[in-house]
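Trainee: Any chance you can model this:
(4 chains, ligands or ions: 4)
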There are 4 protein chains.
Amino acid sequence: GDRFVTSPIAANTAKLQEAFRHRRSVSESLTRGLSAEDMVVQSMDDASPAKWHLAHTTWFFEAFVLNKYQDNYRPVDPDYNFLFNSYYNSVGERHARPLRGMLTRPGIEAVRAYRRAVDASVLALLEQPHPRARGLADTVTVGLHHEMQHQELLLTDLLHALSINPTAPAMRPAPPADDTRAAGLVFMPFDEGLYEIGAAGDGFSFDCEGPRHQTYLRGFSLANRTVTNAEWLAFMNDGGYSTATLWLSDGWAQCQAEQWQAPLYWSQRDGEWHQFGLYGRQPVNPEAPVCHVNYFEADAFAQWAGARLPTEQEWEVAAGDAPIAGNFQDREYWRPRAAAGSGLQQLYGDVWEWTRSPYAPYPGFSAAPGAIGEYNGKFMCGQFVLRGGSCATPQQQLRRSYRNFFYPHQRWQFSGLRLAKDL
Amino acid sequence: GDRFVTSPIAANTAKLQEAFRHRRSVSESLTRGLSAEDMVVQSMDDASPAKWHLAHTTWFFEAFVLNKYQDNYRPVDPDYNFLFNSYYNSVGERHARPLRGMLTRPGIEAVRAYRRAVDASVLALLEQPHPRARGLADTVTVGLHHEMQHQELLLTDLLHALSINPTAPAMRPAPPADDTRAAGLVFMPFDEGLYEIGAAGDGFSFDCEGPRHQTYLRGFSLANRTVTNAEWLAFMNDGGYSTATLWLSDGWAQCQAEQWQAPLYWSQRDGEWHQFGLYGRQPVNPEAPVCHVNYFEADAFAQWAGARLPTEQEWEVAAGDAPIAGNFQDREYWRPRAAAGSGLQQLYGDVWEWTRSPYAPYPGFSAAPGAIGEYNGKFMCGQFVLRGGSCATPQQQLRRSYRNFFYPHQRWQFSGLRLAKDL
Amino acid sequence: GDRFVTSPIAANTAKLQEAFRHRRSVSESLTRGLSAEDMVVQSMDDASPAKWHLAHTTWFFEAFVLNKYQDNYRPVDPDYNFLFNSYYNSVGERHARPLRGMLTRPGIEAVRAYRRAVDASVLALLEQPHPRARGLADTVTVGLHHEMQHQELLLTDLLHALSINPTAPAMRPAPPADDTRAAGLVFMPFDEGLYEIGAAGDGFSFDCEGPRHQTYLRGFSLANRTVTNAEWLAFMNDGGYSTATLWLSDGWAQCQAEQWQAPLYWSQRDGEWHQFGLYGRQPVNPEAPVCHVNYFEADAFAQWAGARLPTEQEWEVAAGDAPIAGNFQDREYWRPRAAAGSGLQQLYGDVWEWTRSPYAPYPGFSAAPGAIGEYNGKFMCGQFVLRGGSCATPQQQLRRSYRNFFYPHQRWQFSGLRLAKDL
Amino acid sequence: GDRFVTSPIAANTAKLQEAFRHRRSVSESLTRGLSAEDMVVQSMDDASPAKWHLAHTTWFFEAFVLNKYQDNYRPVDPDYNFLFNSYYNSVGERHARPLRGMLTRPGIEAVRAYRRAVDASVLALLEQPHPRARGLADTVTVGLHHEMQHQELLLTDLLHALSINPTAPAMRPAPPADDTRAAGLVFMPFDEGLYEIGAAGDGFSFDCEGPRHQTYLRGFSLANRTVTNAEWLAFMNDGGYSTATLWLSDGWAQCQAEQWQAPLYWSQRDGEWHQFGLYGRQPVNPEAPVCHVNYFEADAFAQWAGARLPTEQEWEVAAGDAPIAGNFQDREYWRPRAAAGSGLQQLYGDVWEWTRSPYAPYPGFSAAPGAIGEYNGKFMCGQFVLRGGSCATPQQQLRRSYRNFFYPHQRWQFSGLRLAKDL
Ligand SMILES: [Fe+3]
Ligand SMILES: [Fe+3]
Ligand SMILES: [Fe+3]
Ligand SMILES: [Fe+3]
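Mentor: Ligands and ions are numbered 1, 2, ... in the order given. Just a heads-up that it's a prediction; the model follows:
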């Protein structure tokens, strides 16, 4: 994992152990209140069961830390390498993704025992001096960032699973309603010029975030906040979902085939739009950022609004040195909040922001060597970059250079948008 | 339910209550040792989760007994009529069948509470005199026969769900191996003539089993027992699965498309054929009846053997007055056993026997009135009749006139075959 | 072909040659006025191009007559055995059915040359005495009956191909409109009893039409004529296509999925129903028999009408010795006509009549030996029998015992229905 | 069409008329020797019938020139706007793309008459002074470039249609074999720096080719020629098609699902690889450029070769001022030729070169207004850019800035690749 520049997620071994304990315990705590049944089902091919997330993140430490750094390591269960490998061809055959929800065995208790056993082994390994201490620390660090990614996915996938239950069950009781009014929409200008973007190498980052490189940008302006539900309702009321000329060709075809009429999880009840979320079904809050729209919808909205989506380079330049702060998973307010302040708001947290940038290698990119090299590079085809994190993202996961990526038709992420314009 | 002639499943109310208590408790006991996860998954569209079977059979009593015979009955949960209706269009909208495995809520404990509540209501209802006592008793009786059908399906569907787990888990520990040698194959002759078949009306039967009617049969002979695994291996070794001319046209197309090479649940390990079952994966027992073959396979085997499948009329005539005895679910030996004796063996139990008879209405048939009329008649298209019951069938379920039916490509039932010939 | 009892289609060789010349020329004349483009396309998997019909029927004579009965026969083109075999596994590999419309080469002129060459060879072969003269005559006779079947299919498939052209082109100019009023609907009774049905062996018949055998029928009554468009409109207006309880379960699922609202080829224009046919798009004639309905629709209609479809045995018994006369292909009035007379009308011609009988082997049936044995037996699964022929059927094709068969969802045949009732 | 900067395809009206006559006649001459059947079929959804190309390009002049610039223009046939619109939502409803091959009417002769009528109208329109002369000339020019694109597609689609004919028919007799030896592989360096790319506005170009803009490039090197069949065979022999780690994730999934083992149109006969082409099936020429590979294959090859695909910016910078010369459609040598010379070879002609650049808007891009704005922009999602033209591309079509684009799985274009490396 030496291609993933490691951050001082932990300055020393004791800190790394502490970080490990904390991060691993967060995964467990996310499943508080869920039944074994809630955690076994897979509601679509794109999603995974909560139990699988718990097991797969554990397997990651087994496959890349314990197997590589502990002599004579004996796996907790020889079947698990097959069952809980996600997509690493280098690590061997694996269970078919669409069948993840069929694994009633091992049960949730066995998976929790698996977690405890691997945690104990990793902590014991970190306790002792190691001839490849740097590689070990780096790989554990990768594992923790990997765990954070799956912590977001766990919530995202759970939301989808609950959403298809006709009884619309809430994961947890709803927090108090938020009566913040969203700030007025303002476009903020940025100059033409040659900029540097990408990870600078002064902390952990994934291989796809680098190398840092120069890019030439035209002048552009960026909206001060993300698009709100009220603005989205205006788009809907203006026939946004039935006007072909607003849409990319592939998006329009799918919009018609699947009869999209509103964001995912929206439904109309007694003439009013409601949104299903982790807190159950509730009236749409017009001030909050629109969420669970895909790239096609975001792009059509921008067309309708006489604007466009930003590129990821523009976003990163605009983000500048803003602090990585916002409504992240850690706050346990798992729905997007309205942004009230002045200046560029909501760069981080609340909703992922679709960019118009296809997920592609930066100039000079090459994938990390070994199995971990399969982490990012092989997905650089057909997907678009999202920036900024969401209310389901662990705060420590985010960086200015962080590149998330999904296919343009996918809607189940906490994804919204921010408008941009040419100057 | 007056079109389902009711049997003295219970001669009086006390007996009916007892029968009800017993039958309902059997469903629960079948899930002994299963986890909540085992009971929630749906492994294919044709199968249903164990939890769903527990809930749906309960809904049946709510919809057809309590709603119809108890004044002012208030359902346990108003959502359940939507969630647990299987296919009764007359009773309203219902949850999509392929999504049954997505119902993590209500959980298994809630479903068990549902069972207890409905059981108490039904028993209380039976406790009092009722102005429509006959209809009430009849409908409860239908509900118990319905419950028996789902008891078999529960095992059958669970087997499928476990079978797609790469770790091949057993539902229960295997009973001692059976070293019975199968009897030699003998064909037993039956005379040409005009026969009567169908339910005689002297006990419970489903509407599709009647009316009793005359049918003219040519002379035929019937094998003394079902086809064994050893005989099936001979078919396989002789190229049975790769010889187009043995197969029905539709069967051959599907055989090639899905690359059938052996019965469902068979796999080769170290050169030897194994069979997955409720007791895990074990070497194929050559003496036992072949099981989990579909109609296409059964028909191709019969062609290969220079024989044919019997018609259901032939089977019923041959069954004559033989006692309804054999290896049924009640014995808890949930795999087919070899048949050793002389005379016609295994008419009942062990494996369902495919007949060449399409599932069609008997002369003079008309469906029962009301919602229960959807029970059988609307499925009389494209399916074939199976006779005799299996090791997963409750004994009380079976009758000489009992008609089971499945599509010719379906393999997951405990289905085998018995050969017949023209005289 | 000795299992197909041959009729005196020709009492002697000269007559057989004449019959051959006539029948073969009919195929050509059916394509009068069609362009090469009209004849190459395949509008769905179930249909075949007109050119393919011309070539395949010719291949039949090459494969089964010339290859078998002429010494050292050299095929016209060695590729044709691959290209124009329909489904005979015994005769070798063949071109995939859904790709028949991709064969731009050989062109229509090459196919016509193929026909001429094979015709000359067959006629020359018949000119000389042959050591297996009976087998030769029989096989040529089978070939002529096969050609007749494809003559109907050619029209049926062409109708489908033209129907999906948005310009609704007519194959030929429409004949004068028919102002016959349909006879009133009357049910005619038939007695319970033991009857004989099936081909008697006194003329040509396909293997599936025999053996002749006894069958016991309850008393029944049969409608004097087929169901009319006016009656079908009443069914539609009464919500026939949206009432689940009228339909077989599989039919209802498909009715909803494909949104059937009227027979195939019907469309509404300015509030009036029109029907597309070989003569283009024209207003529905209320007096004419309904046509292009499938089994599911026919069965639902019968339910709605408080009746049922007849069995094929009932149809055959009722047909008795009625002459094989009616509106057949030979009249070149290629749409169904209203039936005006008294007594049982329209047994033959106009529209095929769906029966409720699954296409299954008669008692004692075994398929013809050799490749021709693939003709019928291997299709005895999942299809239903139709009786009586249509306005697209060559008259000589029909017999009282003739069994046509299609899947219950198929609508593109000239298929209608006649009602029956229990007595 | 004022957003498509028009080139002096014709300096004045007389020249434009001449250009129009020439370009339109080329379309006709491409179909020389083809039958009506060859021109009607559609061999897959991605392809269109030759007849459709002839009609659609004509419709383009009707819809965008005659309807817009000729007063009271009456269309040749009112159905044609529905039948021959490809994807312009602004121009109304249209015939479903996958049904293009079902249009047996209008026949090829009617389509040719359509061409003649429209040609006469356009030429007559150009004969007279016109109040919007510039717009008229521009739109005719767009129509001619559009026609050129379809001239390539006509050949490409025809090749596919012929390729699925089991008899492997040639479109035309093969020209003499080419015994050129390919030049040795050399990588040529290019400096890091800020470059300008995109259409400069000094001639015709499509909207997506601009605006001209600055882009910052790292140093890179580019192969002197495209990859040869010999090199591709080495990749194949080294297990290229079975080594997961070489492939993009989506590519590997499809490679396995569709069992790719060689470029499209390759097949092994007697142990030797052959390639089907417009001249029939012939042994693979090891010296010629590999052709009919998709993006996934091209990318995997580059990985295997320790290189990468170039970006489109790199390609355009490297192309510099090289003359637009090479083996284009006009030479009527419709297969790629080996490149022998020194320096950068084959930039133009022979095979389209996949770049690693997703087809995306250039900075400052906005689509042309009106219906012609649907030409390019709405396809900017999920596709990759190809550069340089092929042996099937009309020479006049190409420009240094010309951007072709296809989905990464598509193989039926004349597409190959050229390697690049980071410096
Ligand atoms: Fe992962
Ligand atoms: Fe049920
Ligand atoms: Fe045929
Ligand atoms: Fe076009």
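
Trainee: any residues touching stretch A:35-49, and which ones?
Mentor: Residues outside stretch A:35-49 that contact it (C-beta atoms under 8 Å, 6 or more residues apart in numbering or on different chains): A:31, A:50-52, A:54, A:56, A:97-98, A:100-104, A:107-108, A:153, A:156-158, A:160-164, A:410, A:412, B:35-37, B:40-41, B:51, B:101-102, B:104-105, B:107-108. C-beta coordinates here come from the backbone N, C-alpha and C atoms, glycine included.

Trainee: Tell me which stretches of chain A form strands.
Mentor: Counting by DSSP state E, chain A has strands at residues A:187-190, A:193-197, A:213-217, A:220-223, A:266-269, A:272-277, A:280-283, A:352-358, A:384-387, A:404-406, A:415-416, A:420-422.

Trainee: quick one on the thing from earlier: what about burial for the contacts of stretch A:35-49, which qualify?
Mentor: Buried members of those, scored by 16 or more other C-beta atoms under 10 Å in any protein chain shown, are A:31, A:50-52, A:54, A:56, A:100-104, A:107-108, A:153, A:156-158, A:160-163, A:410, A:412, B:35-37, B:40-41, B:51, B:101-102, B:104-105, B:107-108.

Trainee: picking up where we left off before, in helices, which of the contacts of stretch A:35-49 fall?
Mentor: A:50-52, A:54, A:56, A:108, A:153, A:156-158, A:160-163, B:36-37, B:40, B:51, B:108 (DSSP state H).

Trainee: Which pLDDT does the model give the nearest residue to A:Phe384 once chain neighbours are set aside?
Mentor: Of all residues not flanking A:Phe384 in the chain, A:Tyr295 sits nearest, at 4.9 Å (C-beta to C-beta, 6 or more residues apart in numbering or on different chains). We note a pLDDT of 98 for A:Tyr295 in this prediction.

Trainee: what about A:Tyr295, neighbour count?
Mentor: Neighbour count for A:Tyr295, taken as other C-beta atoms under 10 Å in any protein chain shown: 27.

Trainee: dump the residue contacts of the residue of the stretch 51-200 of chain A found nearest chain C.
Mentor: Going by C-beta to the nearest C-beta, chain C is nearest to A:Pro166 of the stretch 51-200 of chain A, at 19.1 Å. The contact partners of A:Pro166, taken as C-beta under 8 Å, 6+ apart, are B:79, B:82-83, B:95.

Trainee: now A:His146, nearest residue through space, not along the chain?
Mentor: Nearest residue to A:His146, sequence neighbours excluded (C-beta to C-beta, 6+ apart): A:Phe60, at 5.4 Å.

Trainee: doesn't A:His145 make contact with that neighbour?
Mentor: No - the pair A:Phe60 / A:His145 is not scored as a contact, 10.4 Å apart, by C-beta atoms under 8 Å.

Trainee: can you tell me how far the residue sitting furthest away from the middle of chain A sits from chain B?
Mentor: Centroid-distance maximum for chain A: A:Asn72 at 35.2 Å, with C-alpha atoms, centre = their mean. Distance from A:Asn72 to chain B, counting by C-beta to the nearest C-beta, to the nearest Å: 24 Å.

Trainee: measure that residue to A:Asp119 for me?
Mentor: Distance check for A:Asn72 against A:Asp119: by C-beta to C-beta, to the nearest Å, it reads 19 Å.

Trainee: again with A:Asp77
Mentor: A:Asp77 is 15 Å from A:Asp119, by C-beta to C-beta.

Trainee: picking up where we left off before, most tightly packed of the strands of chain A?
Mentor: For the strands of chain A, the largest average neighbour count (mean count of other C-beta atoms under 10 Å in any protein chain shown) is found in strand A:415-416, namely a mean of 28.

Trainee: That strand pairs with which strands, parallel or anti?
Mentor: Strand pairing for strand A:415-416, determined by DSSP bridges: strand A:352-358 (parallel).

Trainee: What mean pLDDT does the partner strand get?
Mentor: Throughout strand A:352-358, pLDDT has a mean value of 98.

Trainee: pull the CA atoms of that strand into CSV?
Mentor: C-alpha atoms of strand A:352-358 as CSV (Å, rounded to 0.1, in the frame of the first residue of the first chain):
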residue,chain,number,x,y,z
TRP,A,352,-22.3,14.7,-2.4
GLU,A,353,-22.1,17.1,-5.3
TRP,A,354,-22.2,15.7,-8.9
THR,A,355,-19.5,17.1,-11.1
ARG,A,356,-19.5,17.0,-14.9
SER,A,357,-16.1,15.2,-14.7
PRO,A,358,-15.9,11.6,-15.8
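
Trainee: What are the contacting residues of that strand?
Mentor: The contact list for strand A:352-358, computed with C-beta under 8 Å, 6+ apart, reads A:226, A:293-295, A:298-299, A:308-315, A:382-390, A:393, A:404, A:413-418, D:358, D:360-361.

Trainee: and it, how far out from the chain's middle?
Mentor: 13 Å (C-alpha atoms, centre = their mean, to the nearest Å).

Trainee: Stretch A:129-139 too?
Mentor: 28 Å.

Trainee: tell me the mean pLDDT for it?
Mentor: For stretch A:129-139, mean pLDDT rounds to 94.

Trainee: buried residues in that stretch?
Mentor: Going by neighbour count (16+ other C-beta under 10 Å), the buried part of stretch A:129-139 is A:135-139.

Trainee: Write out the residues of chain A neighbouring chain D.
Mentor: Contacts of chain A with chain D, taken as C-beta under 8 Å from any C-beta of the partner chain, map to A:87, A:89-90, A:194, A:213-218, A:244-245, A:247-252, A:295-296, A:299, A:356-358, A:360-361, A:363-364, A:374, A:378-382, A:408, A:422.

Trainee: per-residue confidence at the residue of the stretch 1-150 of chain A found nearest chain C?
Mentor: At 20.6 Å from chain C, A:Met44 is the closest residue in the stretch 1-150 of chain A, using C-beta to the nearest C-beta. We have a pLDDT of 97 for A:Met44.

Trainee: Same question for A:Ala367.
Mentor: pLDDT at A:Ala367 comes out at 83.

Trainee: Great, nothing more from me.
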